[in-house]
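# No sequence on hand, only this structure:
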């Protein structure tokens, strides 16, 4: 049974009943559950239900248990869909721009369409993959949003978007060999998505990989990098907002740091505190803004660690109090950790080839205390800094 046939079979009263029966199946018990259910249900339907149950369990991290337990997924859909918190934030931005209708092109299983509809926005959701479009349609119905979401299976290049205030495009960024890094190799290419965005009457947003080069950002676009819980999730190119603006947005919150086009911070001697900027701040090239906030400079011109003498809390970086600084030397670190009774060691690195697990094996931390060691460079020299987060 292919993905489409499985979805259509499961999106029936008999299929939903079977999904309820396998909802909380432990992977270790799947064989026994499958054997029992195949006595009263078709074998391929049982397999489809168990597969869907696994996908729903994986989707809880993105959609929460309540929604994930009712939604329908494809394997790619779980992997590539937008996290609900990020989609909800984007929907709020659209609402603040006065958007009441969005053409969601390359909608996937409908994660963004769901968030937009919950914000009261009418959505046309389009995807060319039959199984993916079927999942999006089933999800709109399962969550009671089919009155606001129209799902079409088709080529996004053939969709007329003039009847919608805004356009949202989420191109496929994975191919047969994994992640695609060239924006023109997206499906559809970034250049096509930009042209589609420029036709929107009010606003548009293009979801792109967070590693997109800054020079690839189109003229007139706002570039926003978004992290959720400290993990960088995506970058978005906005049209109809603030042309040329660059921002980092941290969720939950949201908290947004805007570029002020500051010069790179000076390199300075290590101070008492080290600040580790959020990944979205680093991707957005806003380390200078953080350094300015905390009155600090860089440990090294090529590394995004900020150092300062005073503690000035900022939501855009995690502060650590540094207790020890030494040239890179595993034996000296091991002796210091033994002296301090450090048994829980967090290893962070930038500009170092040493792998954290390799270092832990070598120093064998033991004891009741915890510490963080930074493997990095200070003014070009391999260095270790020991400290702890400021609570």
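Noted; the coordinates are in hand. On a predicted model such as this, the values are computed, not experimentally measured, just so you know.
# Where do the strands of the stretch 101-250 of the chain begin and end?
101-105, 122-127, 149-153, 166-169, 174-175, 178-179, 203-208, 222-228, 231-239, 246-251 (DSSP state E, counting those that start in this stretch).
# List of residues touching the second one?
So the one you mean is strand 122-127. Strand 122-127 is contacted from outside by 100-108, 110, 113, 116-117, 133, 136, 140, 148-154, 156, 159, 161, 164, using Cβ atoms under 8 Å, 6 or more residues apart in numbering. (Each C-beta comes from the backbone N, C-alpha and C, glycine too.)
# pLDDT on it, on average?
What strand 122-127 shows for mean pLDDT is 98.
# Next: the fifth one.
Confidence over strand 174-175 (mean pLDDT, whole number) is 66.
# Pick out the residue closest to the middle of this structure.
Nearest to the geometric centre of the chain sits residue 233, at 1.8 Å (Cα atoms, centre = their mean).
# Residue 213 versus that one, what's the distance?
For residue 233, the distance to residue 213 (Cβ to Cβ, to the nearest Å) stands at 18 Å.
# Where does the prediction get shaky in the stretch 51-200 of the chain?
Applying pLDDT under 70 to the stretch 51-200 of the chain flags residues 175-178.
# quick one, what contacts residue 316?
248, 250, 255, 257, 277, 278, 281, 286, 289, 290, 293.
# residues near the fourth one, how many?
By the other Cβ atoms under 10 Å criterion, the neighbourhood of residue 257 contains 24 residues.
# from here on, count from 296
That works, and once the first residue is 296, the last one we named lands at residue 552.
# And the strands of the stretch 396-545 of the chain: which comes nearest residue 671?
strand 526-534 (19.5 Å; Cβ to Cβ).
# can you give me the helices in this structure?
298-305, 308-317, 325-332, 338-363, 370-375, 379-391, 406-413, 425-437, 485-493, 574-578, 582-589, 625-635, 651-658 (DSSP state H).
# Span of stretch 354-374 from start to end?
Stretch 354-374 stretches 9 Å from its first residue to its last (Cα to Cα, to the nearest Å).
# residues in contact with it?
298, 302, 305-306, 318, 347, 350-353, 376-379, 403-404, 406, 409, 424, 426-427, 429-430, 433-434, 437-438, 469.
# coming back round to it: could I get the helices of the chain in CSV, plus columns for mean neighbour count and distance to residue 610?
Formatted as CSV, the helices of the chain follow (neighbours: other Cβ atoms under 10 Å; distance: least, Cβ to Cβ, whole Å):
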stretch, mean neighbour count, distance to residue 610
helix 298-305, 19, 41
helix 308-317, 16, 41
helix 325-332, 14, 43
helix 338-363, 18, 23
helix 370-375, 18, 29
helix 379-391, 20, 15
helix 406-413, 26, 23
helix 425-437, 23, 33
helix 485-493, 19, 30
helix 574-578, 23, 10
helix 582-589, 21, 10
helix 625-635, 15, 30
helix 651-658, 14, 26
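# May I see the ones you listed arranged in JSON lines, with distance to residue 619 as well?
Formatted as JSON lines, these follow (distance: least, Cβ to Cβ, whole Å):
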{"stretch": "helix 298-305", "distance to residue 619": "55"}
{"stretch": "helix 308-317", "distance to residue 619": "53"}
{"stretch": "helix 325-332", "distance to residue 619": "50"}
{"stretch": "helix 338-363", "distance to residue 619": "37"}
{"stretch": "helix 370-375", "distance to residue 619": "42"}
{"stretch": "helix 379-391", "distance to residue 619": "38"}
{"stretch": "helix 406-413", "distance to residue 619": "45"}
{"stretch": "helix 425-437", "distance to residue 619": "52"}
{"stretch": "helix 485-493", "distance to residue 619": "46"}
{"stretch": "helix 574-578", "distance to residue 619": "25"}
{"stretch": "helix 582-589", "distance to residue 619": "21"}
{"stretch": "helix 625-635", "distance to residue 619": "6"}
{"stretch": "helix 651-658", "distance to residue 619": "14"}
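# right, so of those helices, which gets closest to residue 562?
helix 582-589 (10.8 Å).
# tell me which strands and helices that closest one is in contact with?
Counting contacts by 3 or more Cβ pairs under 8 Å, 6 or more residues apart in numbering; DSSP states H and E, helix 582-589 packs against strand 550-553, strand 568-572, helix 574-578, strand 592-595, strand 598-603, strand 612-622.
# Out of these, the one nearest residue 314 is which?
Using Cβ to Cβ, the helices and strands packed on helix 582-589 put helix 574-578 closest to residue 314, at 36.3 Å.
# which residues make contact with the closest one from outside it?
By Cβ under 8 Å, 6+ apart, helix 574-578 touches 505-506, 520-522, 525-527, 530, 543-545, 552, 582, 584-585, 599, 611-612.
# Apply 10 Å and report the result again.
With contacts defined as Cβ atoms under 10 Å, 6 or more residues apart in numbering, helix 574-578 is touched by 505-507, 509, 518-523, 525-530, 542-546, 550-552, 571-572, 581-585, 599, 609-612, 645.
# So for residue 329, which of the helices and strands packed on helix 582-589 sits nearest?
helix 574-578 (41.1 Å).
# and that closest one, how far from the chain's centre?
Centroid separation between helix 574-578 and its chain, computed with Cα atoms, centre = their mean, to the nearest Å, is 12 Å.
# quick one: average pLDDT of it?
98.
# With stretch 544-552 instead?
Here the average pLDDT along stretch 544-552 is 96.
# What residues sit buried inside that stretch?
Neighbour counts over stretch 544-552 (16 or more other Cβ atoms under 10 Å) mark 544, 545, 546, 552 as buried.
# Return the member of these nearest to residue 338.
Nearest member of the buried residues of stretch 544-552 to residue 338, counting by Cβ to Cβ, is residue 546, at 42.9 Å.
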